[in-house]
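Chemist: Following is a predicted model, sequence given first.
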Amino acid sequence: MLPVSEGVRARRIPIVNVAIIVANFAVWLLYELPHLDAAVSHASFYPCSVNGACHAPEPWAISWITAMFLHGSWDHILGNMLFLAIFGKNVEDAFGSGR
């Protein structure tokens, strides 16, 4: 069973929440479409790259950002974005779009 709503209506349009969802899909598709299932090994954050103990595919200054947008599969990103869409609007209502 998938939730459709938590029952509390948003007071205003959740602009930041929608922007986060769009950014997640955009970055994930950018990394996922050229080489299916290669995104996780390519854009992951390798802590050993910070001190130079290993060689990561991406520099650590970039990979710590891209790692936040990684998802393991279509099911993973769709599930996460569904729950973010449902519950994120209330968080944005509580804190406001500026915080």
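Modeler: Received it, and whenever you're ready, just let me know what you need. Numbering: from 1, shown residues only.

Chemist: Which neighbouring elements make contact with the longest helix belonging to the chain?
Modeler: When the chain is scanned for its longest helix (criterion: DSSP state H), the result is helix 74-95. Judged by 3 or more CB pairs under 8 Å, 6 or more residues apart in numbering; DSSP states H and E, helix 74-95 is in contact with helix 15-32. C-betas here are computed from N, CA, C, even on glycine.

Chemist: mind checking how far the helix it packs on is from the chain centre?
Modeler: Computed by CA atoms, centre = their mean, to the nearest Å, the chain-centroid distance of helix 15-32 equals 6 Å.

Chemist: packing partners for it?
Modeler: Helix 15-32 packs on helix 39-43, helix 74-95, going by 3+ CB pairs under 8 Å, 6+ apart.

Chemist: closest to N17 out of those?
Modeler: helix 74-95 (4.0 Å; CB to CB).

Chemist: Does F25 touch I77 like I think?
Modeler: Yes - contact status for F25 versus I77: in contact at 7.0 Å, counting by CB atoms under 8 Å.
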